[in-house]
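>>> Okay, sequence plus prediction incoming.
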Amino acid sequence: MERHASRYRHGFTLVELLVVIAIIAILIALLLPAVQAAREAARRMHCSNNLKQLGVALHNYHDSHGQFPLGTVSNGGIFYPPQWPYLLVQILPFLEQESISRGLSTSALPEPWHSGTNVAWPDWIETTTVGTFLCPSDGFGGSHADIQKIHHVPGAPNLWKSNYLGIFSGANMQDVAFAAPGFYSPSSHSQEVLRQYGPQGVKAVFDINRGAKFRDITDGTSNTLILVEYLTGTKTDLRGWFWSTQAGMSVIFAWVTPNSSAPDQLCGTTCYTNSNQSQMNLPCVWAADLFPRTATSRSQHPGGVNVLLCDGSVHFIGDAIDVNIWRATGTINSGD
C-alpha cells in the first residue's frame, strides 16, 4: 500500500511575527520624520507665498499712493483713537478683498479697541477670515481673537489675527512714541533717543501716522525688512490681533533676533499668565509700564522665520543671524 506524504501549511512563528512587527515599526519611525519634514516644507512654502502676495499688495499700494501705508493711525498719541486701520487693513483692496475693505470703512465702523455694548458690528465680521494673513504652520491662537472674553468688553468684535506684522522704529514702544512727530515734548525725554528715533532720525518702514516712501529707504530696498512673521499666541491672548497699537498685537521690532528665548514684553491682555508658553515659542512677560514693551519675530518653522524685504523678495532668516545685522535690516536710513 503506497503512502502519500502528508502536506502541512506552514505559518509564522511568534518570533517571526515579532520580527516583522519590529521591522515595520522601524520603517515607520524612519519615514515619519521625513513625512513631517515634507509637510513642514510645504507649509513654509505656503507661508512664503503669503508674504509674496502681501509684498505685491504693498508695492501696488505705493504705486497708487506714493508711499507705503501708514503703520497705524492715531489722533494724538500711542493709544489715542482710532488705533486703526492697521497697514494690513489698508492694503485689502490690493489683495482682491475690496468687499471686506468697504465693510471695514472707518466712516461706517467704530474703533475696535474702544468698542462696547452699544456698538453694532455686522455679523459677517466674526466669520470672515483673510487667509493670506495666516501661516499654516501656526494656528495655536486661531484665526480670530475672542476679544469679549480676553479683554472683557461685551459687544466688542472678534476680529481676525495675522501672522505677518510690520517692522516699527526702534527697540520698544518708547521709540515708537518718540518717532511719532509731536506726540512727546523734546524737553522731557532723552535727547539721544530723540536723535535716533525722532522725526529726522533713524526709522523703520512703519510708525504711527507714517509709512515710508521708496526714496526714504536709503539703506536699499533689498536690505530692509518690511514685514516679518509673528505667532498668534494662544486662545487666551491677543498676539497678532492687529487692531490696537501694542507690541505683539500690531507692532514688531527688529531688535532681538528671531525666535529668541528672551520673553516678549507685552501688555496684560496680550500676555496672561497662562499665555507664557516657552515650549511653544511663546515666551512673554507682562510689562505694566508702556515704554519697555517689545516683541520680536517668531514662527513655528524650525530654525528661523520668513521675512519680506522692501523690494518684494521673501527670505528665510535663521535664528543664529548676528544681532547687529538683524537690527540693521530693520532700519531704512541708518547707513549700515
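Nice, thanks for sending it over.

>>> In the protein, which residue is most central in space?
Most central residue of the chain, judged by C-alpha distance to the mean C-alpha position with Cα atoms, centre = their mean, is Tyr230 at 2.8 Å.

>>> ok, that one touching Trp241?
No: with contact defined as Cβ atoms under 8 Å, Tyr230 does not count as touching Trp241 (10.8 Å). C-beta: built from backbone N, CA, C; applies to glycine.

>>> Quick check: closest non-adjacent residue to Leu134.
Asn163 (5.6 Å; Cβ to Cβ, 6 or more residues apart in numbering).

>>> Give the burial count for the one you found, as a bare number.
30 (other Cβ atoms under 10 Å).

>>> Pretty sure it sits against Phe133.
Yes: contact status for Asn163 versus Phe133: in contact at 6.6 Å, counting by Cβ under 8 Å.

>>> Can you check which residues contact both of those two?
Asn50 (Cβ atoms under 8 Å, 6 or more residues apart in numbering).

>>> For the residue nearest to the centre of the chain, give me its contacts.
Per Cβ under 8 Å, 6+ apart, neighbours of Tyr230: Ser162, Asn163, Tyr164, Leu165, Arg239, Gly240, Gly248, Ile252, Ala295, Ser297, Arg298, Ser299.

>>> Show me the shaky parts of the stretch 51-200 of the chain.
For the stretch 51-200 of the chain, the stretches with pLDDT under 70 are 106-110, 114-121, 152-156, 181-191, 194, 199.

>>> any chance you could map the strands in it?
164-167 (DSSP state E, counting those that start in this stretch).

>>> How about the stretch 201-336 of the chain?
Using DSSP E, counting those that start in this stretch, strands in the stretch 201-336 of the chain cover 206-207, 210-211, 225-229, 251-252, 264-266, 284-286, 304-309, 314-318.

>>> what are the ranges of the helices in the stretch 1-150 of the chain?
14-65, 87-90, 98-103, 147-150 (DSSP state H, counting those that start in this stretch).

>>> Let's have those helices in JSON lines, adding distance to Phe206 and mean neighbour count.
Converted to JSON lines, the helices of the stretch 1-150 of the chain look like this (distance: least, Cβ to Cβ, whole Å; neighbours: other Cβ atoms under 10 Å):
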{"stretch": "helix 14-65", "distance to Phe206": "11", "mean neighbour count": "14"}
{"stretch": "helix 87-90", "distance to Phe206": "6", "mean neighbour count": "23"}
{"stretch": "helix 98-103", "distance to Phe206": "19", "mean neighbour count": "14"}
{"stretch": "helix 147-150", "distance to Phe206": "23", "mean neighbour count": "18"}
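
>>> For Asn306, which of these is the nearest?
helix 14-65 (5.3 Å; Cβ to Cβ).

>>> and that closest one with strand 304-309, angle?
20 degrees (axes from the mean of the first three to the mean of the last three Cα atoms, to 10 degrees).

>>> on that earlier part again, quick one, which of the strands of the stretch 201-336 of the chain is packed in tightest?
strand 251-252 (a mean of 29; mean count of other Cβ atoms under 10 Å).

>>> which secondary structure elements does that strand contact?
strand 164-167 (3 or more Cβ pairs under 8 Å, 6 or more residues apart in numbering; DSSP states H and E).

>>> starting at the chain centroid, how far to the strand it packs on?
6 Å (Cα atoms, centre = their mean, to the nearest Å).

>>> And stretch 299-312, end to end?
From its first residue to its last, stretch 299-312 covers 20 Å (Cα to Cα, to the nearest Å).

>>> mean confidence score for that stretch?
Taken as a whole, stretch 299-312 has a mean pLDDT of 97.

>>> again, but for stretch 320-336
94.

>>> again with stretch 17-25
84.

>>> ok, the closest residue to Thr296 other than its chain neighbours - contacts?
The shortest distance from Thr296 to any non-neighbouring residue, by Cβ to Cβ, 6+ apart, is to Val256 (4.1 Å). Shown in contact with Val256 (Cβ under 8 Å, 6+ apart): Ala262, Thr294, Thr296, Val323.

>>> The spatially closest residue to Ala247 that is not a sequence neighbour - how many residues pack around it?
In space, Ala247 comes closest to Arg293 once its chain neighbours are excluded; the distance is 4.1 Å by Cβ to Cβ, 6+ apart. When neighbours are defined as other Cβ under 10 Å, Arg293 has 27 of them.
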